[in-house]
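*Asks:* Got a predicted structure here, sequence first:
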Amino acid sequence: MNIVLWIIQILLGGALTMSGLTLLTQPKEKIGDKMTFVHDYSKPMLNFIGISKIAGGLGLILPWLTGILPILTPIAATGMAIFMVFAMMHHLKKKEYRSIPVNAVFMILCLLVAYGRF
């Protein structure tokens, strides 16, 4: 089970970190086609979302990997699961139904990591 959790943590952490970096470094116009929610938020809010994704992504991996405060890994996983619930609510509100399954899978995987690491 430990190997499965590590694989999930690395994949989730990488995806969240890359998504956060994209939000921080790319202009809204460039990423607006793939991340439709960017048109609904100001740049400072997008920066906050990007930083939150990076912190969550790194939090899924680094504390458990280094052994420094490993309790932060399941806390980060729980936080990212809550983050995904809010993302699903946003997509429901905007009637962007195609994005919801991706967020649901991320949420389930985050909950699995949280459960396995608590």
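*Replies:* Everything's here; your move. The structure presented is a predicted model; accordingly, all values stated were derived computationally and were not measured.
*Asks:* and the closest residue to residue 50 other than its chain neighbours, how far is that from residue 64?
*Replies:* Counting by C-beta to C-beta, 6 or more residues apart in numbering, the nearest residue to residue 50 once its immediate chain neighbours are dropped is residue 23, at 3.3 Å. Quick note: C-beta positions are derived from backbone N, CA and C, even for glycine. Here residue 23 is placed at a distance of 25 Å from residue 64 (C-beta to C-beta, to the nearest Å).
*Asks:* So which bits of the strand or helix carrying the residue nearest to residue 50 are buried?
*Replies:* Residue 23 belongs to helix 2-25 when assigned by DSSP states H and E. Buried positions in helix 2-25, judged by neighbour count with 16 or more other C-beta atoms under 10 Å: 5, 8-9, 12-13, 15-17, 19-20, 22-24.
*Asks:* what sits against residue 85?
*Replies:* Counting by C-beta atoms under 8 Å, 6 or more residues apart in numbering, residue 85 touches residue 107.
*Asks:* Helix or strand: which one has it?
*Replies:* Residue 85 is located in helix 72-93, with elements delineated by DSSP H and E.
*Asks:* Perfect, I'm done here.
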